[in-house]
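>>> structure of the sequence below:
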Amino acid sequence: MNRLNKQVGISLVEILVALVISLFLLAGIVQVYTGNKTTFKFTNALAEIQESGRFALDTISQDLRLTSEWGCIKFDPDDTDNVNNTLDAATVPGYDSDFHDFTGEDGITGTNNTGLNGSDVLTIRGGKPGQTNVESPFYPATQRRLTTDAITSIGVGDIVLVARCGANDLLIEEEADILRVTASLPITGNTQRDLTFSADKIQQYENDAMVIELQTVNYSIAAGASGEPALFRQEFNNPPEELIEGVEDMQVLYGVDTDNDQFPNQYTSADAVADFDDVVSVRIMLLVRSIDDFVTEDPQTYTFNGVTTTPADRRMRQVFSSTIALRNRIGS
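Modelled structure (predicted):
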């Protein structure tokens, strides 16, 4: 009779050895995963910060370059007789001179350390990019209408500058009007646009005239929807719009022309500017931080606006700076 062989299994020692080897392998896998996660978090935060910083500077720079943009007319803030400003409480709902008075307020102003985290506030006045030309039919001054080409985004409620760009008529004192649009309708097979205004024009404009949309823009730092500090952009007296999350501070220095050569002689904060009409360039400094905490192994020491700080958190931070010439004021 055949005898059955004993079945041989895995011993306890072998199991323990296998477990030890598995633990080493698992530890290696966890270490690789943790390292990759940390690297990804760091790289993602860096990319996020750089993208936010560049976008914020580009947006502010574009508005700054349009400071005191008056198209083809010569505008002297000390002598505004050539501009007929029709904006007041009767023509603009919610009229506020700080936002709507383009002839009485400086093209650029600011306040020092009045925002979140002691940040600055910047206000810019001027034209928007692009312009549209006046076309036939031409309406007399008493008719609150203009016909323009169709290449325009001007709509109801917008404020525009209408300026004559050709030879001046000696019988007409003013060269331009500032008007609020109350109607904007396409006409002539959508090849032209009919604009209606809230006040009379000072003169009849013909095909030597142009129309520019005007804007007043505020930039400031405040708490965003998520509670994170953010850069806000406010146009006219509309509610501020959150532009970029994670912008912790903004400091602004103004390049002042002290010898009337249209180039900056010194850079100073807003409270030290005697006359903002003398500002010909602006230096913007932004402190941008990562949205996520625990990105760096230790708190990251940084220097911003001449002050070195070691924060309590472990967010990544980067300083962005740019100097922008006000092209309508500098070196002619």
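
>>> confirm that Ile29 lies within a helix, as I assumed.
Yes. Looking at Ile29 with DSSP: H, G, I helix; E, B strand; the rest coil, it is inside a helix.

>>> find the residue ranges of this protein scoring beneath the pLDDT cut-off.
Applying pLDDT under 70 to the chain picks out residues 1-9, 33, 35-37, 166-174, 331-332.

>>> now the helices for it?
For the chain, the helices defined by DSSP state H occupy 12-65, 97-100.

>>> most packed of the ones you listed?
Highest mean neighbour count of the helices of the chain: helix 97-100, a mean of 18 (counted as mean count of other Cβ atoms under 10 Å). Quick note: C-beta positions are derived from backbone N, CA and C, even for glycine.

>>> chain center to that one, what's the gap?
For helix 97-100, the separation from the chain centroid amounts to 19 Å (computed by Cα atoms, centre = their mean, to the nearest Å).

>>> out of the helices of the chain, nearest to Val252?
Nearest to Val252 among the helices of the chain is helix 12-65 (9.3 Å), distances taken as Cβ to Cβ.

>>> helices or strands up against the closest one?
strand 121-127, strand 209-223, strand 241-245, strand 279-289, strand 317-325 (3 or more Cβ pairs under 8 Å, 6 or more residues apart in numbering; DSSP states H and E).

>>> can you put those strands in CSV and add mean neighbour count and distance to Thr152?
CSV is the format used below for the helices and strands packed on helix 12-65 (neighbours: other Cβ atoms under 10 Å; distance: least, Cβ to Cβ, whole Å):
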stretch, mean neighbour count, distance to Thr152
strand 121-127, 22, 13
strand 209-223, 21, 7
strand 241-245, 17, 23
strand 279-289, 23, 29
strand 317-325, 17, 27
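
>>> any chance of those in CSV, plus distance to Thr147?
CSV is the format used below for these (distance: least, Cβ to Cβ, whole Å):
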stretch, distance to Thr147
strand 121-127, 20
strand 209-223, 10
strand 241-245, 33
strand 279-289, 37
strand 317-325, 36
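
>>> from memory Val121 sits against Thr114, does it?
Yes. Using Cβ atoms under 8 Å as the test, Val121 is close enough to Thr114 to be in contact (5.5 Å).

>>> hang on, the earlier thing: any chance of the helices of the chain in CSV with distance to Thr152 as columns?
Converted to CSV, the helices of the chain look like this (distance: least, Cβ to Cβ, whole Å):
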stretch, distance to Thr152
helix 12-65, 19
helix 97-100, 21
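
>>> out of those helices, nearest to Glu228?
Shortest distance between Glu228 and these, using Cβ to Cβ, is found for helix 12-65: 11.1 Å.

>>> for the nearest residue to Ala209 once chain neighbours are set aside, name its beta-bridge partners.
Leaving out its chain neighbours, the residue that sits closest to Ala209 by Cβ to Cβ, 6 or more residues apart in numbering is Val134, at 4.1 Å. Beta-bridge partners recorded for Val134 (DSSP bridges): Thr148.

>>> go ahead and confirm Val134 touches Thr152.
No. In this structure Val134 lies outside contact range of Thr152 using Cβ under 8 Å: 11.0 Å.
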